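S.K.: Please work out how this folds:
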Amino acid sequence: AIESPSKDDDTVWLTYWVVYALFGLAEFFSDLLLSWFPFYYVGKCAFLLFCMAPRPWNGALMLYQRVVRPLFLRHHGAVDRIMNDLSGRALDAAAGITRNVLQVLARSRAGITPVAVAGPSTPLEADLKPSQTPQPKDK
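M.R.: Okay, here's the model as predicted:
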């Protein structure tokens, strides 16, 4: 569908994936109940084959035009508002998490002091109080 010059097969496959996604979402919430029915998986396979069938009786196209599209057109304003609200909340949450992580990193970085690789460790003069600074010895 991607490589073909025709737009028709793109529409067919996009319609299939929309119906498949909605079916998968419904199945996610009802799978434990539905799996108890005999031949559920055979019926599921038959339904998906029906949705992929060639043109005249393509199940995905029929379901999209008769069920999905009318529901979407009726409720698309509410769906858009909910998605905008959720994306705004997600961005705020991501910004808050990023801010917290950066603060933790900054605090942990401030607490790190250099460690000598070899030899005895000596305090740095910058870390000592003025009264503790080493004084030159008289000879």
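
S.K.: just checking, what packs against the helix or strand where residue 71 lies?
M.R.: Following DSSP states H and E, one finds residue 71 within helix 69-110. Helices and strands touching helix 69-110, by 3 or more C-beta pairs under 8 Å, 6 or more residues apart in numbering; DSSP states H and E: there are none. Placement of C-beta: from N, CA and C, glycine included.

S.K.: repeat that with 10 Å
M.R.: In terms of contacts (3 or more C-beta pairs under 10 Å, 6 or more residues apart in numbering; DSSP states H and E), helix 69-110 is packed against helix 8-34.

S.K.: So what's the gap between the helix it packs on and the chain middle?
M.R.: Centroid displacement of helix 8-34 relative to its chain, using C-alpha atoms, centre = their mean, to the nearest Å, is 19 Å.

S.K.: what angle do the following helix or strand past that helix and helix 8-34 make?
M.R.: Per DSSP H and E, the first helix or strand lying C-terminal to helix 8-34 is helix 40-51. Here helix 40-51 runs at an angle of 160 degrees relative to helix 8-34 (axes from the mean of the first three to the mean of the last three C-alpha atoms, to 10 degrees).

S.K.: Provide the contact partners of helix 40-51 at residue level.
M.R.: 15-17, 19-20, 23, 27, 31, 33-35, 37, 39, 57-64 (C-beta atoms under 10 Å, 6 or more residues apart in numbering).

S.K.: hmm, try it at 7 Å
M.R.: Contacts of helix 40-51 with the rest of the structure, by C-beta atoms under 7 Å, 6 or more residues apart in numbering, involve 16, 19-20, 34, 59-60.
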